[in-house]
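Engineer: any chance you can model this:
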Amino acid sequence: MSAFTKDAGRILSPTETQTMTGAYRERKVNEAGLKPDEYVRSEFFGLDHVKQLINHPDCVGLRIHHAKRWEDVNGKPTAKDKGQLVPRVLLTGVDAKGRDLPVYADKSGMKDDNGGGGSVGDGHTCPQHCEDSN
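Structural biologist: Next comes the predicted model:
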């Protein structure tokens with residue numbers, strides 16, 4: 001049986017969620033010595049882009065890729081070694097065999113510009129774009 005099914009994972013309780021995110025934050029502040037506004041806590045992606053991934057006919061779920069990119073203080077991409085290396089996440093649709101899928105071009109005629117592939121990225125990072133509870 002494949003691990004890549006529509007029911008992979010589970011819904012976590014609010015307590016589990018808070019424990020996990022709290023442990024991450026504690027490590028950043030207590031062990032790494034960072035201030036709360038000096039590290040990325042989360043990243044927001046709009047539903048329209050997520051739908052482009054999950055609307056692919058072969059999509060059974062999403063893969064979250066952990067990544068890093070050189071950025072300036074405003075979060076804009078820079079050349080290697082310019083600015084700071086910032087952790088980011090990328091979303092891709094995944095098929096039942098565990099393969100990343102191309103971003104789905106819907107019937108409106110939108111096409112991806114990289115010949116099939118790609119992911120959703122450049123979400124709004126927190127703490128720059130979030131409520132205090134995130």
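Engineer: my read is that residue 62 contacts residue 89, right?
Structural biologist: No - the pair residue 62 / residue 89 is not scored as a contact, 10.6 Å apart, by Cβ atoms under 8 Å. Just so you know, the C-beta spots here come from the backbone N, C-alpha and C atoms, and that holds for glycine as well.
Engineer: distance of the most centrally placed residue in the chain from residue 5?
Structural biologist: Closest residue to the average C-alpha location of the chain: residue 89 at 3.4 Å, with Cα atoms, centre = their mean. The gap separating residue 89 from residue 5 is 22 Å, by Cβ to Cβ, to the nearest Å.
Engineer: before we move on, the earlier item: so which bits of the helix or strand harbouring the residue nearest to the centre of the chain are buried?
Structural biologist: Secondary structure from DSSP states H and E places residue 89 in strand 84-94. Buried residues in strand 84-94, defined by neighbour count with 16 or more other Cβ atoms under 10 Å: 86, 88, 89, 90, 91, 92, 93, 94.
Engineer: ok, residues contacting that strand?
Structural biologist: Strand 84-94 has contacts (Cβ atoms under 8 Å, 6 or more residues apart in numbering) with 4, 39-40, 43, 45, 49-50, 53-54, 56, 58-71, 75, 100-101, 103-104, 118-123, 125.
Engineer: so which of the residues you listed are in strands?
Structural biologist: Applying DSSP state E to the contacts of strand 84-94, the entries found in strands are 43, 61-71, 125.
Engineer: could you flag which of those are buried?
Structural biologist: In the ones in strands among the contacts of strand 84-94, burial by neighbour count holds for 43, 61, 62, 63, 69, 71, 125, counting by 16+ other Cβ under 10 Å.
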